[in-house]
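Colleague: I need the structure of the sequence given here:
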Amino acid sequence: MSKILIIEDEMTIVDLISFNLKREGFEVDAAYDGVSGLEKALSGWADLILLDVMLPGMNGFDLLQKLRQESDVPVIMVTAREEERDKVLGLETGADDYMTKPFSVKELVARIKANTRRRAGENRQGGSRMSFGPYIVDTGLQEIRRADTSVELTQREYDLVCYFLTSAGRVVSREELMEKVWGYEYYGDLRAVDVAMRRLREKLEEDPANPKYFITKRGAGYYLQK
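Modeller: Coordinates of the predicted model:
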C-alpha cells in the first residue's frame, strides 16, 4: 500500500483528495502548513507527496528546495497558481509534476498511481550495470556514479537516464518520455520533460550548454550519445 502525504492548507481540498485516495487503497496523511509539512516529508514515511505552493509558515517552493537536499521522493505540486514562471520554478526546484486547481480528481489519482507504480517497479528490479561516458549506472542500488563519487539525482532524473540507456542511439520524443518515464499519457504540457532534461544536463554534463551525452534533435526529441 503506497503512502501519500498531502501538504495543503485548505482542509476541504485535503478531505476531498484523502477520500478519493483512500477509496483507491492508498494510505494518507496530511500537513496544513509548510513547517510541519517539511518535517513529515523528511521523515521518510511517504512514497509520494502532493504539495501546495501557497502555505503558511513556508511556501511550497522553499519546502521543496529543502526537501530535495535530502530526499528524492516524488513530488506533485498541486496549486491554484497558473503563471508560467511558477510552473517552471516548481519543476526546476525538483517537482516531478505540476497540476493546477481546479483539477480532475480522476486525473490526479491516475498520476499518483503512475508515479508510485514506477517507483515500486524500480525498487523491485534486479541489479545490473550500464554505462555511458564516465558514468556507471547501478540499477540494483539505483545509483549513478562517476569514479567513486555518487551523483545526486531525483527519482525522475534517474528514470530518464535508465530509459535513455535502454533506447541508446534512438531519438526519443518528448511525448514518449512523458508516457514511458512519467508513466501516463500526454495531457498537453510537455515543459516538464524539457525542464527535467535541463536539470539532468546540469548534473551530468561538463558543459550543459554544449552537451556531449544528452543531445537534442530539433523538432524530434532527445537521444543519448554514449
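Colleague: first vs last residue of stretch 71-89, how far apart are they?
Modeller: With C-alpha to C-alpha, to the nearest Å applied, stretch 71-89 spans 18 Å between its terminal residues.
Colleague: same thing with stretch 59-74?
Modeller: Stretch 59-74 end-to-end distance (C-alpha to C-alpha) = 18 Å.
Colleague: I would like the residues contacting it, please.
Modeller: Identification of contacts with stretch 59-74 by C-beta atoms under 8 Å, 6 or more residues apart in numbering yields 7, 34, 37-38, 41-42, 44, 46-49, 51-55, 75, 77, 79, 89-90, 93-97, 115-116, 119, 153-156, 158. In this view, the C-beta of every residue, glycine as well, is placed from N, C-alpha and C.
Colleague: need the buried ones from these selected in PyMOL.
Modeller: In PyMOL syntax, the buried subset of these is picked out as below (16 or more other C-beta atoms under 10 Å):
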select buried, resi 7+34+37+38+41+42+46+47+48+49+51+52+53+55+75+77+79+89+90+93+94+95+96+97+115+116+119+153+154+155+156+158
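Colleague: double-check that Asn210 belongs to a helix.
Modeller: No. Assignment of Asn210 by DSSP: H, G, I helix; E, B strand; the rest coil gives coil, placing it outside any helix.
Colleague: next, find the distance separating it from Thr116.
Modeller: Between Asn210 and Thr116 the computed distance is 37 Å (C-beta to C-beta, to the nearest Å).
Colleague: got a list of what the closest residue to Lys101 other than its chain neighbours touches?
Modeller: Counting by C-beta to C-beta, 6 or more residues apart in numbering, Ala80 is the residue found nearest to Lys101 once chain neighbours are left out, at 4.4 Å. Residues near Ala80 by C-beta under 8 Å, 6+ apart: 54, 100-101.
Colleague: which one of those residues is nearest Glu176?
Modeller: Nearest to Glu176 among the contacts of Ala80 is Thr100, at 24.4 Å by C-beta to C-beta.
Colleague: run through this structure and note the low-pLDDT ranges.
Modeller: Applying pLDDT under 70 to the chain picks out residues 81-84, 117-127, 184-189.
Colleague: and it, what are its domain boundaries?
Modeller: If you go by automatic domain parsing, the domain ranges for the chain are 3-121, 126-224.
Colleague: for the ones you listed, which one ends up most surrounded?
Modeller: The highest mean neighbour count among those, using mean count of other C-beta atoms under 10 Å, belongs to domain 3-121: a mean of 18.
Colleague: so how far is it from its chain's centroid?
Modeller: With C-alpha atoms, centre = their mean, to the nearest Å as the basis, domain 3-121 stands 11 Å off its chain's centre.
Colleague: for the residue nearest to the spatial centre of the chain, which residues are in contact?
Modeller: Taking C-alpha atoms, centre = their mean as the criterion, Asp96 is the residue nearest the geometric centre of the chain, at 2.4 Å. The contact partners of Asp96, by C-beta under 8 Å, 6+ apart, come to 74-76, 115, 154-156, 182, 192.
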